[in-house]
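Visitor: build me a structure from this.
(one chain, ligands or ions: 1)
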Amino acid sequence: MKKKLIAGNWKMNGSLSANVSLLQAVLDGSKGLNCKAAVCVPAAYLAQAQSMLSGQSLIALGSQDVSAQEVGAYTGEISASMLKDFAVHYAIVGHSERRQYHAESDAIVALKAQRALSAGITPIVCVGETLAERQAGQTEEVVKRQLAAVIHTNGHCISEIVVAYEPVWAIGTGLTATPEQAQEVHAVLRSQLKAATSHSDRISILYGGSMNAANASQLLAQTDIDGGLIGGAALKAMDFLAIMAAGSTTP
Ligand code: PEP
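Guide: Okay, here's the model as predicted:
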């Protein structure tokens, strides 16, 4: 049985002083919990978080993006090898906010996953439909298309990724997919991964979209939900710890 992975996405929030309080409270409260965890911090705070996380193994460091390029004249971009210098373990790729505000295509997301993998960083590949796509009955088609691009580009390395199903209509809105709605899509993604690699059992499929202390247990109890990608609730230590606790007790 895989341990659940609870990953926080801080998005563009934080400050040097606020990060110390948040991360120290999470570190103090997480002792003895039995899940895997990560915090995906803004790039500007990677060094600070790396130093605070050193010497323990429960909470890993993550970035919120990685460049699709390897090196060179790409102003503002951060390469996978640079992230590796800060002991980054996970990189979120294809978050819906990047797809929406930075016009990231499926092909770019697939390349980003490839760059992360070749640097030894685990990409957390986000897929998810918009409200209009769900209402048009296109959920399955959309998430399969998004994941297929990553599978196509990454071949057998696909067994080293993490997938996050994040319905766009549930991110930061307070609307959560019901456990049944989430499970239905996770099962689709699971069978797509099974068809792509004989090592699909290694791949964790996280749910993300307004997961919080109150709904985490029910979502995490679903057969194909292996953890959570947490936005808003990752900014409050007590809430994030409650989700980690739920991830430590649900089978
Ligand atoms: C996210 O940004 O990945 C996310 C799931 O956000 P929230 O939990 O705030 O919906």
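Visitor: neighbours of the residue of the chain found nearest the ligand, how many?
Guide: The minimum distance from the chain to the ligand, using CB to the nearest ligand atom, falls at residue 231 (2.1 Å). Glycine gets a C-beta too; all of them are placed from N, C-alpha and C. Applying other CB atoms under 10 Å, we find 22 residues neighbouring residue 231.
Visitor: quick one: contacts for it?
Guide: For residue 231, the contacting residues are 8, 9, 11, 171, 172, 208, 210, by CB atoms under 8 Å, 6 or more residues apart in numbering.
Visitor: any idea which of these is least confident?
Guide: Across the set of those, residue 172 stands lowest in pLDDT, at 85.
Visitor: that one and residue 210 touch, don't they?
Guide: Yes: between residue 172 and residue 210 there is a contact under CB atoms under 8 Å: 7.2 Å.
Visitor: about what we covered before: and the contacts of residue 231 near the ligand, which?
Guide: Contacts with the ligand are made by 9, 11, 171, 172, 208, 210 out of the contacts of residue 231, judged by CB under 6 Å from any ligand atom.
Visitor: what values do phi and psi take at the fifth one?
Guide: With angles defined as degrees, to the nearest 10, residue 208 shows backbone torsions of phi -140, psi 140.
Visitor: which ones are touching it?
Guide: 9, 126, 128, 164, 165, 166, 170, 171, 228, 229, 230, 231.
Visitor: now the ones next to the ligand among the contacts of residue 231 in a markdown table, with distance to residue 65?
Guide: Below are those laid out as a markdown table (distance: CB to CB, whole Å):
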| residue | distance to residue 65 |
| --- | --- |
| 9 | 11 |
| 11 | 11 |
| 171 | 16 |
| 172 | 17 |
| 208 | 15 |
| 210 | 21 |
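Visitor: out of those residues, who's the most crowded?
Guide: In terms of neighbours by other CB under 10 Å, those top out with residue 208 at 28 neighbours.
Visitor: which residues does it bridge with?
Guide: Using DSSP bridges, the bridge partners assigned to residue 208 are residue 229.
Visitor: now it: how far from residue 27?
Guide: 22 Å (CB to CB, to the nearest Å).
Visitor: show me the strands in the stretch 51-200 of the chain, by range?
Guide: Using DSSP state E, counting those that start in this stretch, the strands found in the stretch 51-200 of the chain span residues 59-63, 90-93, 122-127, 162-165.
Visitor: quick one: low-confidence ranges for the chain?
Guide: Confidence mapping of the chain against pLDDT under 70 gives the ranges 251.
Visitor: just to revisit the earlier point, now for residue 172 and residue 210: what residues contact both?
Guide: Common neighbours of residue 172 and residue 210 (CB under 8 Å, 6+ apart) are 231, 232.
Visitor: buried ones in stretch 143-150, by neighbour count?
Guide: For stretch 143-150, burial by neighbour count (16 or more other CB atoms under 10 Å) applies to 143, 144, 146, 147, 149, 150.
Visitor: you'd agree the last one is up against residue 111?
Guide: No: contact criterion CB under 8 Å: residue 150 and residue 111 do not qualify, at 9.4 Å.
Visitor: burial measure for residue 135, as a count.
Guide: 11.
Visitor: and the longest helix along the chain, what does it pack against?
Guide: Of all the segments of type helix in the chain, defined by DSSP state H, the longest one is helix 179-196. With contacts defined as 3 or more CB pairs under 8 Å, 6 or more residues apart in numbering; DSSP states H and E, the packing partners of helix 179-196 are helix 139-154, strand 162-165, strand 205-208, helix 216-220.
Visitor: among these, which is nearest residue 87?
Guide: strand 162-165 (17.4 Å; CB to CB).
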